[in-house]
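Peer 1: quick check, what structure comes out for this input:
(6 chains)
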Number of protein chains: 6
Amino acid sequence: MILKGKKVTLRAVEEEDLDMLRELSNDPEFEKMIIGWSFPISKKDEAEWFAKQKNGLDNLRYTIETEADGAVGMIGLRDIDWKNGEATGGGMRIARKEIRTRGLATDAWMTLMRYAFEELRLNRVNGSALVYNAASIKVCERVGFKKEGVKREAVYKNGKYHDMIYYGCLRSDYEALIAENHYWDEEPSK
Amino acid sequence: MILKGKKVTLRAVEEEDLDMLRELSNDPEFEKMIIGWSFPISKKDEAEWFAKQKNGLDNLRYTIETEADGAVGMIGLRDIDWKNGEATGGGMRIARKEIRTRGLATDAWMTLMRYAFEELRLNRVNGSALVYNAASIKVCERVGFKKEGVKREAVYKNGKYHDMIYYGCLRSDYEALIAENHYWDEEPSK
Amino acid sequence: MILKGKKVTLRAVEEEDLDMLRELSNDPEFEKMIIGWSFPISKKDEAEWFAKQKNGLDNLRYTIETEADGAVGMIGLRDIDWKNGEATGGGMRIARKEIRTRGLATDAWMTLMRYAFEELRLNRVNGSALVYNAASIKVCERVGFKKEGVKREAVYKNGKYHDMIYYGCLRSDYEALIAENHYWDEEPSK
Amino acid sequence: MILKGKKVTLRAVEEEDLDMLRELSNDPEFEKMIIGWSFPISKKDEAEWFAKQKNGLDNLRYTIETEADGAVGMIGLRDIDWKNGEATGGGMRIARKEIRTRGLATDAWMTLMRYAFEELRLNRVNGSALVYNAASIKVCERVGFKKEGVKREAVYKNGKYHDMIYYGCLRSDYEALIAENHYWDEEPSK
Amino acid sequence: MILKGKKVTLRAVEEEDLDMLRELSNDPEFEKMIIGWSFPISKKDEAEWFAKQKNGLDNLRYTIETEADGAVGMIGLRDIDWKNGEATGGGMRIARKEIRTRGLATDAWMTLMRYAFEELRLNRVNGSALVYNAASIKVCERVGFKKEGVKREAVYKNGKYHDMIYYGCLRSDYEALIAENHYWDEEPSK
Amino acid sequence: MILKGKKVTLRAVEEEDLDMLRELSNDPEFEKMIIGWSFPISKKDEAEWFAKQKNGLDNLRYTIETEADGAVGMIGLRDIDWKNGEATGGGMRIARKEIRTRGLATDAWMTLMRYAFEELRLNRVNGSALVYNAASIKVCERVGFKKEGVKREAVYKNGKYHDMIYYGCLRSDYEALIAENHYWDEEPSK
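Peer 2: Just a heads-up that it's a prediction; the model follows:
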């Protein structure tokens, strides 16, 4: 099913989204801020990736969409471990800079958290952020992640090793958050 | 063969129906009321599903169609157990809200029941409904299902476990029903 | 890993167990008491089944073993539904009649229940028994299953349809049981 | 190549080791102390695993051997990330209890660390331990791992969630360690 | 990701580039100056090459592009040896003669060097040039390569054997170069 | 065909040689002196390698054998470039230490050189040696290789980068050598 937040909708990745996604993957600005790394991606590479990608028991991938702007980014939940009740959230990217101040990233995360805890019966969502990525850290902390440690020299970028923050959001963290900030209280018709 | 009811026709799923089906699968309203769950489904996922889906000895799947509206929903019979003479009915969904009051769901079920008992030589059709899904319960009881028990904490949705009603409709239940309500008496030319 | 109960050990099915299993499957006495049904099984059929069977995320199958008797039966957990936290226990069979009064079946079930709730993080285990199978009903009720309904005319055997009992054991049922009967208190070194 | 420590040799996994490995995987004692989990493993399952397992650019797996005892355990390095220069050490298991006090685990880890930093050109090795696994924690800290955080409720075992310690050993940690404890000074003819 | 230099952008090879590449490969002028050799290449040959070519852990291939001219050439990094931290740069070709004096080749190399050392964590990039290819030698030496030897009679062209220069650029060579020429100081918004 | 030297015979690699080869590959003494690197190799890995390995247009691999000792080592010619008339000799290893002083390595190389120049019509054979491998350097220089340069920091071993010598032996070098040392004059019946 699609997931409805207050500002965004998370829906399946469609072929129409590939141009936006390829631009995201090739943008060195993003590369600097994220933990993964990527080869240059051609249209052909991406078409092959799309042909193979499949939402399933292990990994879920969503396009973030707003009513006004259409597809604006992506988010996902990977490495779902059903036995221990945990998964890793990530791959959150909002494509256009001018709309990054509107709370879309926060809303996408909150929507994913609700899905993970209230539908998938998970107990824990993992996250991470490079120590210098202030924007990402701010969003992580706003959506219920607690800092659990620092992975030293985790990522090599720009000629040196950088530390990465380990985050975790337990179901109880999420519940305490929404009890406090009433995020879903003024929820639109879901 | 196609199955003709009084208001609807049940026919094979065709490629043209995929848009309607994908909308049904992605609609969170439906998700809340049904027992299954679904990943977000892209056009590609659905085309692949369609390419592999096959009516056969085990599972049958129908598109519900009316003369006036074309394809309006779907229904099916799965896990057919020929030795014990039973199968599970389900996957009943009517797509457009505005036509849900016209008895189409009841007619689709009655048509499927007749097929199960009078053509497939089955003795029993299983059904189920979430305890809070009043509309589904009403339809189940109208088409001959008897409540046989309650499966406690059967489904996890919206942050908690929900009970589910076990239904069964025996051939004798179905025959008693039509003897009483004369459902097929004013039947059109089949 | 192998699962250790108080009297039995549950371990992977090995090629050496196939003779015992084939006898179980071909015994008409058993056939009368169980819900499944089986074609006559040749050594070749069974070798093929064994070559394909695989413990995995969906299904787990164990040989029941005692120190004194070696392999004496089998039990399993199938259709594990991680999202809703439920699975169906079953396939419990003890091969030799003379040892059926020693509590081995109960111990095998208790060991499987503990694994399902305390290791697999499940919330519910489903069970079932034919209404006339007193021995099976007794074991089901002794290991925490609650009767949730009766599936009428569920199984065709011996020229007629027979009713089957729907059972469910919630994690809370299991916990109440061991709080009361102290089953694991005098547990051997696990 | 094989890796020579002071007490142990790390060599390729051979078919002869499979019995020892299967026993390790099936032992519930181990299961309680480690982070992974395992289905019951039959001889057939293991033979299939062995047929597919391959040391390569991503994952390396070694049998731990001593001259006096032959194969006594296993250790490995997985998820090698060449770009960032990190990998995850783990799967360390010593099979026989009576030889666990002889420093074999420490020597196996030191040998693996040396290989990771001095041959594979890595910068970081990840490790982890359940908070209640005192023996594993002691070994981790003895071989250069620094505690970097605590992953809350990381693993579900024995009916509840358990915290896990995140460890990291940088090349500089390893070099400081051997500068201090002179581990390799009295090294035998390598 | 795409790599941004001061004058050029290195991006994935796209189907649109194949005409330019085929012309480069078939041009006897080029053939004289480069070390590789090529059969005559048909559109079909090239389409097949493109269908199979994949950027990955071993080889990376980029189209060189300028804002004013679009795709003007190609460059790549092949035989990446992660364990020893080295790779071979090459396949540098600028298509149109009239733009070869504008420093595009130098900029493409500098951009690739920066990526190799600062993102891929490599320690060494190999290069080579035919002894009579003055333009190539000039570029090699401008971008940090040190001459390490001469491979005698390495290449047979035009009826005789020709010597080839072995080049190597260490990370320390690159760092010394940019410390001296401040290449990236006036870098545009990356 | 098999190649006959004065002391050794070079013949195809046979299944019987695999034990000797695996010992060579796993020996850390060798690893220290050679340029390649290797994962630990199990019997299964080697059997798979053998099943796939094939002498062909690109690569030739020989077992070195003496009449008295049987199989004692291996040697090969790889990356044969027919157009430019060059190939890379290597993989020379003599297994047993006690026989390394008898000129077997020199004879194997001389036999391979003669084959490369007199049978394969090549013009050049490449070689290499780590700067600290005195034994290998001595053999290289004895069989006609000329030092052409030094590849700085070519190989990472034992915690640091090591330089490697580039060698080349032209057909003219080989011919000058045998004119001078009359190596093949007292040749046995070839």
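Peer 1: near chain C, which residues of chain A are found?
Peer 2: A:57, A:82-85, A:119-121 (Cβ under 8 Å from any Cβ of the partner chain). Bear in mind the C-beta positions are built from the backbone N, C-alpha and C, glycine included.
Peer 1: repeat the analysis, applying 6 Å as the threshold.
Peer 2: A:82-83, A:85, A:120-121 (Cβ under 6 Å from any Cβ of the partner chain).
Peer 1: and these, which two are furthest apart?
Peer 2: A:Lys83 and A:Leu120 (13.2 Å; Cβ to Cβ).
Peer 1: those two - which one has more neighbours?
Peer 2: A:Leu120 (20 against 17; other Cβ atoms under 10 Å in any protein chain shown).
Peer 1: near chain D at all, stretch A:163-175?
Peer 2: Yes. Stretch A:163-175 reaches chain D (Cβ under 6 Å from any Cβ) through A:166, A:168, A:170.
Peer 1: stretch A:77-93 too?
Peer 2: Yes. Applying Cβ under 6 Å from any Cβ, one finds stretch A:77-93 in contact with chain D at A:83-84.
Peer 1: does that stretch reach chain E?
Peer 2: No. Using Cβ under 6 Å from any Cβ, stretch A:77-93 never reaches chain E; the gap is at least 12.5 Å.
Peer 1: list the buried residues for that stretch?
Peer 2: A:77, A:80-93 (16 or more other Cβ atoms under 10 Å in any protein chain shown).
Peer 1: pipe the residues of stretch A:163-175 next to chain D into TSV and attach pLDDT and secondary structure per row.
Peer 2: Conversion of the residues of stretch A:163-175 next to chain D to TSV gives the following (pLDDT from 0 to 100; DSSP: H, G, I helix; E, B strand; the rest coil):
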residue	pLDDT	secondary structure
A:Tyr166	96	strand
A:Gly168	98	strand
A:Leu170	98	strand
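Peer 1: out of those, who's nearest A:Gly159?
Peer 2: The nearest one, if we look at these relative to A:Gly159 and count by Cβ to Cβ, is A:Tyr166, at 23.8 Å.
Peer 1: let me see the contact set for that closest one.
Peer 2: Each residue near A:Tyr166 by Cβ atoms under 6 Å, 6 or more residues apart in numbering or on different chains is listed here: A:148-149, A:151, D:149.
Peer 1: from those, pick the one nearest F:Ala135.
Peer 2: For the contacts of A:Tyr166, the nearest to F:Ala135 is A:Lys151 (44.2 Å; Cβ to Cβ).
Peer 1: what about that closest one, how many neighbours?
Peer 2: 22.
Peer 1: three-state assignment of A:Arg61?
Peer 2: Classification of A:Arg61 using DSSP: H, G, I helix; E, B strand; the rest coil returns strand.
Peer 1: now the strands for chain A?
Peer 2: Along chain A, the segments classed as strands by DSSP state E run A:3-4, A:9-11, A:60-66, A:70-81, A:86-94, A:124-130, A:146-157, A:160-170.
Peer 1: now those strands as CSV including distance to D:Lys7?
Peer 2: Below are the strands of chain A laid out as CSV (distance: least, Cβ to Cβ, whole Å):
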stretch, distance to D:Lys7
strand A:3-4, 54
strand A:9-11, 54
strand A:60-66, 47
strand A:70-81, 35
strand A:86-94, 37
strand A:124-130, 37
strand A:146-157, 30
strand A:160-170, 32
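Peer 1: what's the closest of those to B:Leu24?
Peer 2: strand A:9-11 (14.1 Å).
Peer 1: re the thing from before, tell me the one of the buried residues of stretch A:77-93 nearest D:Ser136?
Peer 2: Of the buried residues of stretch A:77-93, the one sitting nearest to D:Ser136 (Cβ to Cβ) turns out to be A:Asn84, at 17.8 Å.
Peer 1: list the contacts of the residue located most distally from the centre of chain A.
Peer 2: Of all residues in chain A, A:Gly159 has its C-alpha farthest from the mean position, at 26.4 Å, by Cα atoms, centre = their mean. A:Gly159 is in contact with E:Glu118, counting by Cβ under 6 Å, 6+ apart.
Peer 1: again, 10 Å this time
Peer 2: E:114, E:117-119, E:121, E:171, E:174-175 (Cβ atoms under 10 Å, 6 or more residues apart in numbering or on different chains).
Peer 1: can you tell me how far it is from E:Leu120?
Peer 2: 11 Å (Cβ to Cβ, to the nearest Å).
Peer 1: go on, A:Glu186?
Peer 2: 48 Å.
Peer 1: just to revisit the earlier point, switch the contacts of A:Gly159 over to JSON lines; also include neighbour count, distance to C:Trp49 and pLDDT.
Peer 2: Putting the contacts of A:Gly159 into JSON lines (neighbours: other Cβ atoms under 10 Å in any protein chain shown; distance: Cβ to Cβ, whole Å; pLDDT from 0 to 100) gives the following:
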{"residue": "E:Arg114", "neighbour count": "21", "distance to C:Trp49": "59", "pLDDT": "95"}
{"residue": "E:Phe117", "neighbour count": "24", "distance to C:Trp49": "57", "pLDDT": "96"}
{"residue": "E:Glu118", "neighbour count": "17", "distance to C:Trp49": "57", "pLDDT": "93"}
{"residue": "E:Glu119", "neighbour count": "19", "distance to C:Trp49": "52", "pLDDT": "90"}
{"residue": "E:Arg121", "neighbour count": "22", "distance to C:Trp49": "50", "pLDDT": "94"}
{"residue": "E:Arg171", "neighbour count": "20", "distance to C:Trp49": "59", "pLDDT": "97"}
{"residue": "E:Tyr174", "neighbour count": "23", "distance to C:Trp49": "62", "pLDDT": "97"}
{"residue": "E:Glu175", "neighbour count": "14", "distance to C:Trp49": "64", "pLDDT": "97"}
